[in-house]
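Visitor: sequence and predicted structure are below.
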Amino acid sequence: MSVGPRLPRRAAIGLAAAGLAAGASAVAGCDDGSAPASGPTPAADPDVALVDEVMRHLRVAERVARSAGEDDLAALHRAHLEALDGTASTGGAQRTSAPGVVRTQEQKLRTQLASAALAAESGALARLLASMSAAVAQQLAKGTA
């Protein structure tokens, strides 16, 4: 399922930083070798912390699904982590989670993703998170979780 061109988070942050540096050089004019003037530091992207939080929730859900033998759900969460430029949890899973635990975790994740979509500053990120929430809701409706 493609949601349009995907730009990894690290690349987006790097491009933003490069753009800020280029803009600062253009505004400053010629470089005379003196120390750069100190100015206000650009604010950090508020979505970075949000994405990190969402990735933590996805990793937990992926581990719970994997430990219950719910391979399709675990694959869904790995795909969502990949879309956010993250990685899945490592290590083998022992089958310890009961199906009821998986369903509860998936319901919690759906709510967390929907809340994160509302909190996102970036429209593209908000759409991605909302589609992730919808995908989890679809799995819940199908009875997969």
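Guide: Happy to help now that I have it.
Visitor: mind checking the end-to-end distance for stretch 62-81?
Guide: From its first residue to its last, stretch 62-81 covers 9 Å (CA to CA, to the nearest Å).
Visitor: what are the buried residues along that stretch?
Guide: By 16 or more other CB atoms under 10 Å, the buried positions in stretch 62-81 come out as 62-68, 70, 73-74, 76-78, 80-81. All C-beta spots, glycine's among them, are computed from the backbone N, C-alpha and C.
Visitor: now, those residues that are in helices?
Guide: Among the buried residues of stretch 62-81, the ones falling in helices (DSSP state H) are 62-67, 73-74, 76-78, 80-81.
Visitor: show me which of the buried residues of stretch 62-81 is closest to Ala137.
Guide: Nearest to Ala137 among the buried residues of stretch 62-81 is Leu76, at 11.6 Å by CB to CB.
Visitor: mind pulling up the pLDDT for that closest one?
Guide: Per-residue confidence at Leu76 stands at 96 (pLDDT).
Visitor: can you list the weak-confidence ranges in this structure?
Guide: 1-43, 88-97, 99, 144-145 (pLDDT under 70).
Visitor: all the helices of it, in order from the start?
Guide: Applying DSSP H to the chain gives helices spanning 9-28, 46-67, 71-83, 99-119, 123-142.
Visitor: and which of the buried residues of stretch 62-81 is nearest Leu125?
Guide: Of all the buried residues of stretch 62-81, Leu125 sits closest to His80, with 12.5 Å by CB to CB.
Visitor: quick one: residues contacting the closest one.
Guide: Neighbouring residues of His80 by CB atoms under 8 Å, 6 or more residues apart in numbering: 58, 132, 135.
Visitor: how close does the last one sit to Ser115?
Guide: The gap separating Ala135 from Ser115 is 16 Å, by CB to CB, to the nearest Å.
Visitor: these two - which one has more neighbours?
Guide: Between Ala135 and Ser115, Ala135 has the larger neighbour count (other CB atoms under 10 Å), namely 17 against 14.
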